[in-house]
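1. sequence plus the predicted model coming up.
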Amino acid sequence: HVANSIILNTNMATSTVRFFTCSPRFTRPVHNSNIFFPNFSRHSVSTFTLGARSRRLKSTSIVNSAAAVENEAPVKDDAKPERKKRVLSGVQPTGDLHLGNYLGAIRNWVALQDSYDTFFCVVDLHAITVQHDPKVLLNATRTSAATYLAAGIDPAKSTIFVQSHVPAHTELTWLLNCTTPIGWLERMIQYKEKAKKAGENVSLGLLGYPVLMAADILVYGSDLVPVGEDQRQHLELARDIAKRVNDQYGGRKWKKLGGRGGKVLTVPEALIPPAGARVMSLLDGTSKMSKSAEAAGSRINLTDSKDQIQQKIKRCKTDSFDGLVFDDPARPEANNLLSVYQLMSGKTKEDVAAECASMRWGEFKPVLTDACVAHLEPIQKKYAEVMEDTTYLDSLLADGAEKANQSAEWTLKNVKQSMGFMPPIRK
């Protein structure tokens with residue numbers, strides 16, 4: 001044994017072993033070898049000649065390390081690839097997905113797949129915070145996942161799964177419930193609006209579902225969350241909850257319990273798309289397009305036929321002003337329909353403004369109809385193909401759930417450890 005030495009190669013035929021005498025700090029692996037060597041330029045090279053009766057140590061002069069490795073190609077000092085930031089989002093399976101879901105969320109997800117580590121789930125647990133039809137939920141969960149694929153979500157690039165197939169969502173929700181002050185939840189705008197409609201039938205789930213949403217985000221260590229302006233308050237709550245957990249249980253307190261210390265949960269940031277973040281109702285330009293709206297004419301579903309799209313646009317609410325313009329507060333319907341046309345046609349806002357400035361509604365509606373039909377046609381074709389092979393779809397969702405579970409269990413383990421839970425005993 002020679003201290004601070006690393007064997008580089010062995011010639012078994014001549015019984016010669018070469019080694020470098022060097023500092024003990026190792027930085028990268030030798031090519032085609034399981035050992036490590038440092039970045040060095042000049043070190044003492046020695047040779048052991050092993051014979052039956054003698055062992056001689058011959059010291060040589062200081063030489064370049066490259067020459068000593070006997071024509072072996074130098075190892076490139078490749079930089080470690082940067083970790084992609086993780087993005088998580090999902091849509092409730094409470095009915096047919098519509099243009100608001102597509103333009104405000106799903107279409108933007110497609111563009112994120114190459115730049116981020118993307119997780120997209122069907123958030124079925126959120127669908128039961130209000131009274132629901134179990135048969136509709138069962139069917140809509142599968143059709144929502146099929147729509148993700150039809151719209152361009154690639155399972156080779158993204159993790160696609162059903163929320164309830166990952167038990168860590170609900171377990172982490174309980175842990176976060178016990179950390180979240182109830183006053184934070186009572187201030188949520190959507191809770192106030194829905195509770196007012198529900199009256200005495202308002203459920204505890206409706207009050208607590210923002211914590212479930214926070215668990216959805218935090219359980220995967222999400223760095224970014226695509227949200228519309230109406231969801232910013234929920235994301236801020238998720239950030240506040242993560243900070244509270246980190247303050248109460250992270251750092252040295254966690255390390256003393258055997259954890260790694262530092263932050264227990266990643267604090268996520270908002271990722272807001274520049275256009276189409278909020279698509280409004282066809283019947284009211286001041287209300288968001290919604291699956292829960294009673295009037296079917298208020299929304300264009302992604303599976304609507306050409307005739308259905310034509311009828312809905314023909315009957316949509318307009319105004320009596322001349323010409324069509326963006327961004328006029330007095331004309332919310334004009335701004336909404338022009339924005340939909342911009343996104344459906346792929347044109348710029350400036351081009352649409354110039355094209356439609358002198359149009360009347362009677363001229364514009366057929367143009368908007370044609371743009372919607374043309375854009376949705378390939379999506380509808382792909383959707384039909386996916387729904388014809390539900391075995392493939394279910395297999396894909398199973399694979400996605402398996403990957404999601406692996407990530408979620410790691411976060412859940414850290415949270416439980418930091419909070420002082422005894423780990424499971426394995427026999």
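-> It's in.

2. and the strands in the stretch 251-400 of the chain?
-> 269-271 (DSSP state E, counting those that start in this stretch).

3. tell me who's in contact with the closest residue to residue 84 other than its chain neighbours.
-> Beyond its immediate neighbours in the sequence, the residue positioned closest to residue 84 (Cβ to Cβ, 6 or more residues apart in numbering) is residue 117, lying 4.3 Å away. Where C-beta positions appear, they are placed from N, C-alpha and C, glycine not excepted. With contacts taken as Cβ atoms under 8 Å, 6 or more residues apart in numbering, residue 117 has the following neighbours: 83-87.

4. element containing the residue lying closest to residue 116 once chain neighbours are set aside, please.
-> If the residues on either side of it in the chain are set aside, residue 116 comes closest to residue 87, at 4.3 Å by Cβ to Cβ, 6+ apart. When secondary structure is defined by DSSP states H and E, residue 87 falls within strand 86-91.

5. name the next helix or strand downstream of that strand, please.
-> Counting by DSSP H and E, the next helix or strand C-terminal to strand 86-91 is helix 99-101.

6. quick one: which of the contacts of residue 117 is nearest to residue 375?
-> Distance to residue 375, by Cβ to Cβ, is smallest for residue 87 among the contacts of residue 117, at 23.8 Å.

7. kindly state the beta-bridge partners for that closest one.
-> Taking DSSP bridges, one obtains residue 118, residue 224 as the residues bridged to residue 87.

8. you'd agree it is up against residue 223?
-> Yes - the pair residue 87 and residue 223 passes the contact test of Cβ atoms under 8 Å, sitting 7.1 Å apart.

9. more neighbours, these two?
-> residue 87 (23 against 19; other Cβ atoms under 10 Å).

10. report pLDDT for the spatially closest residue to residue 379 that is not a sequence neighbour.
-> Using Cβ to Cβ, 6+ apart and skipping the chain neighbours, the partner closest in space to residue 379 is residue 150 (4.9 Å). Here, the pLDDT recorded for residue 150 equals 96.

11. where's residue 150, which helix or strand?
-> Applying DSSP H and E as the criterion places residue 150 in helix 134-151.

12. now do that helix against strand 86-91, angle only.
-> Inter-element angle recorded for helix 134-151 and strand 86-91: 130 degrees (by axes from the mean of the first three to the mean of the last three Cα atoms, to 10 degrees).

13. buried residues of helix 134-151, list them for me.
-> Residues of helix 134-151 classed as buried: 137, 140-151 (neighbour count, 16 or more other Cβ atoms under 10 Å).

14. kindly export it (C-alpha atoms) in PDB.
-> Output for helix 134-151, consisting of C-alpha atoms alone and laid out as PDB, is shown next (Å, rounded to 0.1, in the frame of the first residue of the first chain):
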ATOM      1  CA  PRO A 134     -70.400   9.300 -10.000                       C
ATOM      2  CA  LYS A 135     -71.000   8.000 -13.500                       C
ATOM      3  CA  VAL A 136     -70.100  11.300 -15.000                       C
ATOM      4  CA  LEU A 137     -67.000  11.500 -12.900                       C
ATOM      5  CA  LEU A 138     -65.900   8.000 -13.900                       C
ATOM      6  CA  ASN A 139     -66.300   8.700 -17.600                       C
ATOM      7  CA  ALA A 140     -65.000  12.300 -17.500                       C
ATOM      8  CA  THR A 141     -61.700  11.100 -15.800                       C
ATOM      9  CA  ARG A 142     -60.800   8.900 -18.800                       C
ATOM     10  CA  THR A 143     -62.000  11.400 -21.400                       C
ATOM     11  CA  SER A 144     -60.100  14.200 -19.800                       C
ATOM     12  CA  ALA A 145     -56.900  12.200 -20.000                       C
ATOM     13  CA  ALA A 146     -57.700  11.400 -23.700                       C
ATOM     14  CA  THR A 147     -58.100  15.100 -24.400                       C
ATOM     15  CA  TYR A 148     -54.600  15.800 -22.900                       C
ATOM     16  CA  LEU A 149     -53.100  13.400 -25.400                       C
ATOM     17  CA  ALA A 150     -55.300  14.700 -28.300                       C
ATOM     18  CA  ALA A 151     -54.200  18.300 -27.600                       C
END
